[in-house]
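Task: produce atomic coordinates for the following.
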Amino acid sequence: MNERLQQLLHSLTTERDDFRVSLHLLEMEAKQEWEKAETKWDNLQLRLRDAGYKLQLETKEEVHDMGEEVDKLQHKLSDKVADLRVEWMEEIHELGEEIADLYQKIRKRFK
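From the prediction side, this is the model:
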C-alpha cells in the first residue's frame, strides 16, 4: 500500500512539474507574440513620425489589423490557459480519487 501511495505521489509530482513546464512554454509563446506586436508597434510609430499626417491616414487599416491581432492573441492565450486548467484539474481529480481509494484500503487493513 505504501508503495502505491508513493507511486501516486510521484505521479502527482510529475503532473505538477509537467504543468509548470506547460505554463512556462505558454508564457514564452505569449512573450514572443507580444514582442512581435511590440516590434510592429515600434515600426508603425517610426513611420507615423517620419511621414506625418499622410502616413497616419494610410496606416489606419494597419492599426486596425494590429488591434485584431492583439485580440486574437488574447483569445488564443485565454483558450490555451482554459484548456490547460481543465486538463490538469481532471488529472488532479483522478489522482485524488486514486489516493482516496488507497486510503480506504489502508483503513480497512488496519481495522
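
for the protein, which spans come out with low pLDDT?
1, 55-56 (pLDDT under 70).

what about the helices in it?
2-51, 53-58, 60-109 (DSSP state H).

got a markdown table for these, with mean neighbour count too?
Placement of C-beta: from N, CA and C, glycine included. Formatted as a markdown table, those follow (neighbours: other Cβ atoms under 10 Å):
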| stretch | mean neighbour count |
| --- | --- |
| helix 2-51 | 12 |
| helix 53-58 | 11 |
| helix 60-109 | 12 |
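
which residues touch residue 26?
By Cβ atoms under 8 Å, 6 or more residues apart in numbering, residue 26 lies in contact with 77, 80, 81, 84.

Farthest-apart pair in the residues you listed, please.
77 and 84 (10.5 Å; Cβ to Cβ).

which residues sit in contact with residue 99?
5, 8.
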